[in-house]
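>>> I'd like to go over a predicted model; first the sequence, then the structure.
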Amino acid sequence: MTPPGPHANPTRFARLRTAAAACCLAGLILPGLSLQTGCTSKPEVAPPPASGAYRIATFNTALSRSDPDALRSALSMGDDPQAAAIAEVIQRVRPDVLLLQEFDHDPSGQSLDRFVQLYLRKAQAKGLEPIDYPYTFVPYVNTGQPSGVDLDQDGSTTGPGDAYGWGAFEGQYGMVLLSRLPIDAQGIRTFRNLRWTQMPEAGPPSDAYPQQAVDRLRLSSKTHADVPLLIGDRVLHILMSHPTPPVFDGPEDRNGVRNRDEIRLWAEYLTRAPDRLTREWMVDDAGVPGRLPQDALFVILGDLNADPFDGESLPDSIARLLNHPRVNHSRIPESEGAVQAAEAQLGANASHQGPASQDTADWNDTPGQGSGNLRVDYVLPSRGLLPTGAGVFWPEPGGKLQHLLDASDHRLVWLDVQAPAVSVVDLGRPPTPQIAPSAIRNVGWSPDNSDSLRRYDAGWNPLYDRNADADTP
């Protein structure tokens, strides 16, 4: 372990020491905790959730490929080393609900089918058990979706920078929600088509895009989705998104502004709606206005590309969400592996203000070229949910799980929560769970409403959402 250099922030590297020891005394094993903390148990797997708790996790897998067929092809034989490592991490943490990011959207369903069948359902290391997710939601995303306008002003309207969300093909950097809990299919809401200028006091910088494009730009770089899960007679809303990173732009900071506003969308969704005399701007892709009911339970999930202390996101980007009165930010996932990585890599990490133990992404540490390691992946529960455990799966650098660090530049982040025994109060109707997997056969495309098509695929029940590509009126 390399000690901090002369310009390092010592508090950044010291935050987890007492926490790690406390976990040992309590008999807990956090993934990535070093044996140097005094724990005698091995940290290769996460401890199971407490009785009555559910493990919710997010994982940016970095599985995205450069063309639309590449991921499907890579997964076809069950021998892709990156996918195997991603699956091994999942089997070691064993979430009940898991959001995967940067998993390319495949309308045929074959990519996800192969990942489940050939990787998750097969033990990836000695002593591990396969894992299965009978309920799956695959949203359509804005990445690679043509805008028809030369957004990057390079003389072409067909490049990746001209899409509603940056992408070389439609669906690149997509998302997948895997769940052991039933999904209320009819209750899903998406905000993929919401225009950026519909959000009050928001919108792109004036000099960032051609004027004719400003009013048609979509806020979400991928999508924002509210996916209700059923826990007995209770409903847990998974609020999933993957905002654009606040970099790869110019002095106008268009991506930084978009990142802030994408995060703000969830803060607004949690906030009480305006009075009846004010027109509701928050309208989903089915044309239904409205926000999340004030008594609803939720977990905000995803790679939000914003750190509370460091990096290039705007100062109020993630703070608006972390400080929201409905968000329970009392339990922050941590790992000792992140502390060790920051100590060893130093560079940009040495000047960071945030605690290294909370980092979730391992990025370029060269000062002036990269941001260093940051906390950008979040599992944020609502007040009313009781956090009972948390962690970041960050194995010890140089340890026997070193190979898992190469699978992605992000780490799997998890939080265990217990839900109170409450009745369904936010549906306004009986919940409609997904059809049992054994009952699913190819039923083709069937309209769900005027703005979207959903399909149940054969086999193990993935639920697809493909909203109309027309601009939101």
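It's in. Numbers count the residues shown, from 1 in each chain.
>>> Would you mind pulling up the elements that whichever strand or helix holds Ile56 packs against?
Secondary structure assignment for Ile56, by DSSP states H and E: strand 53-60. When contacts are defined as 3 or more CB pairs under 8 Å, 6 or more residues apart in numbering; DSSP states H and E, strand 53-60 packs onto helix 81-93, strand 97-101, strand 297-303, strand 377-381, strand 386-392, strand 413-418. Where C-beta positions appear, they are placed from N, C-alpha and C, glycine not excepted.
>>> Let's have these in TSV, adding mean neighbour count.
Shown next, in TSV, are these (neighbours: other CB atoms under 10 Å):
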stretch	mean neighbour count
helix 81-93	21
strand 97-101	26
strand 297-303	26
strand 377-381	25
strand 386-392	21
strand 413-418	26
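>>> The residue nearest to Ala123 when sequence neighbours are not counted: how many residues sit nearby?
Using CB to CB, 6 or more residues apart in numbering and skipping the chain neighbours, the partner closest in space to Ala123 is Pro130 (5.5 Å). Residue neighbour count, defined by other CB atoms under 10 Å, stands at 12 for Pro130.
>>> any idea how far Gly78 is from Pro130?
In this view, Pro130 and Gly78 are 12 Å apart by CB to CB, to the nearest Å.
>>> overlap in contacts of the two?
Residues touching both Pro130 and Gly78 (CB atoms under 8 Å, 6 or more residues apart in numbering): Lys122.
>>> tell me the contacts of Ala419?
Contacts of Ala419 by CB under 8 Å, 6+ apart are 54, 231, 234, 236, 297, 384-385.
>>> for Asp253, that is, sorry about that
205, 246, 314.
>>> Who wins on neighbours among those?
Neighbour counts for those (other CB under 10 Å) peak at Pro246, which has 23 neighbours.
>>> Work out for me the element that residue sits within.
Here Pro246 is assigned to no helix or strand, by DSSP H and E.
>>> I'd assumed Glu312 was in contact with it.
Yes: between Pro246 and Glu312 there is a contact under CB atoms under 8 Å: 5.0 Å.
>>> tell me, what's touching those two both at once?
Both Pro246 and Glu312 are in contact with Gly256, where contact means CB under 8 Å, 6+ apart.
>>> would you say Asp226 is within a helix?
No: looking at Asp226 with DSSP: H, G, I helix; E, B strand; the rest coil, it is strand, so not inside a helix.
>>> Okay, and the beta partners of it?
Arg189, Leu239 (DSSP bridges).
>>> residues contacting it?
Taking CB under 8 Å, 6+ apart, one finds 187-190, 237-239, 269, 292 in contact with Asp226.
>>> Tell me the confidence at it?
The score at Asp226 is 98. That number is its pLDDT.
>>> Switch the helices and strands packed on strand 53-60 over to CSV; also include mean pLDDT and distance to Gln211.
Output for the helices and strands packed on strand 53-60, formatted as CSV (pLDDT from 0 to 100; distance: least, CB to CB, whole Å):
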stretch, mean pLDDT, distance to Gln211
helix 81-93, 98, 42
strand 97-101, 98, 32
strand 297-303, 98, 32
strand 377-381, 98, 35
strand 386-392, 97, 43
strand 413-418, 97, 40
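>>> Which of the helices or strands spans Leu236?
With DSSP H and E as criterion, Leu236 is part of strand 234-240.
>>> C-terminal to that strand, what's the next element?
helix 254-270.
>>> So what angle separates the directions of that following helix and strand 377-381?
10 degrees (axes from the mean of the first three to the mean of the last three CA atoms, to 10 degrees).
>>> Against which helices or strands is helix 254-270 packed?
helix 319-322.
>>> what distance separates the helix it packs on from the centre of its chain?
Relative to the mean C-alpha coordinate of its chain, helix 319-322 is positioned 16 Å out (CA atoms, centre = their mean, to the nearest Å).
>>> Residues in contact with that helix: which ones?
In contact with helix 319-322 (CB under 8 Å, 6+ apart) are residues 263-264, 266-267, 300, 304, 308, 327, 329, 380.
>>> Point out where the chain drops to low pLDDT.
Applying pLDDT under 70 to the chain picks out residues 1-43, 276-277, 421-473.
>>> residue closest to the middle of it?
In the chain, the centroid-proximal residue (CA atoms, centre = their mean) is Gly302; its distance is 1.8 Å.
>>> Would you confirm that that residue contacts Ser241?
Yes: the pair Gly302 / Ser241 is scored as a contact, 5.0 Å apart, by CB under 8 Å.
>>> Show me which parts of stretch 44-61 are buried, residue by residue.
Residues 44-47, 49, 53-61 are the ones in stretch 44-61 that count as buried (16 or more other CB atoms under 10 Å).
>>> Quick one: the helices in this structure, in order.
17-25, 70-74, 81-93, 110-115, 211-214, 254-270, 319-322, 336-345 (DSSP state H).
>>> I'd like those helices written out as JSON lines, with distance to Gly287 added.
Shown next, in JSON lines, are the helices of the chain (distance: least, CB to CB, whole Å):
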{"stretch": "helix 17-25", "distance to Gly287": "47"}
{"stretch": "helix 70-74", "distance to Gly287": "32"}
{"stretch": "helix 81-93", "distance to Gly287": "36"}
{"stretch": "helix 110-115", "distance to Gly287": "28"}
{"stretch": "helix 211-214", "distance to Gly287": "22"}
{"stretch": "helix 254-270", "distance to Gly287": "17"}
{"stretch": "helix 319-322", "distance to Gly287": "26"}
{"stretch": "helix 336-345", "distance to Gly287": "43"}
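>>> List the beta-bridge partners for the residue nearest to the centre of the chain.
The partner list for Gly302 in beta bridges (DSSP bridges) reads Tyr378.
>>> Repeat that for Thr58.
Residues in beta-bridge contact with Thr58 (DSSP bridges): Leu99, Val413.
>>> in stretch 352-363, what counts as buried?
Result for stretch 352-363 [16+ other CB under 10 Å]: buried residues 352, 354-363.
>>> With respect to Gly174, which of these is nearest?
Ala361 (18.9 Å; CB to CB).
>>> any idea how far Arg375 is from that closest one?
8 Å.
>>> Name the nearest residue to Pro68, ignoring sequence neighbours.
Here the residue nearest Pro68, using CB to CB, 6+ apart, is Phe169, at 4.5 Å.
>>> Burial check on Asp67, number of neighbours?
Using other CB under 10 Å: Asp67 sits among 11 other residues.
>>> Now do the contacts for it.
168-169.
>>> cutoff 7 Å now
Phe169 (CB atoms under 7 Å, 6 or more residues apart in numbering).
>>> With Arg272 instead?
Contacts of Arg272 (CB under 7 Å, 6+ apart): Gln294.
>>> repeat that for 6 Å
Listed by CB atoms under 6 Å, 6 or more residues apart in numbering, Arg272 has no contact partners.
>>> Good, wrapping up.
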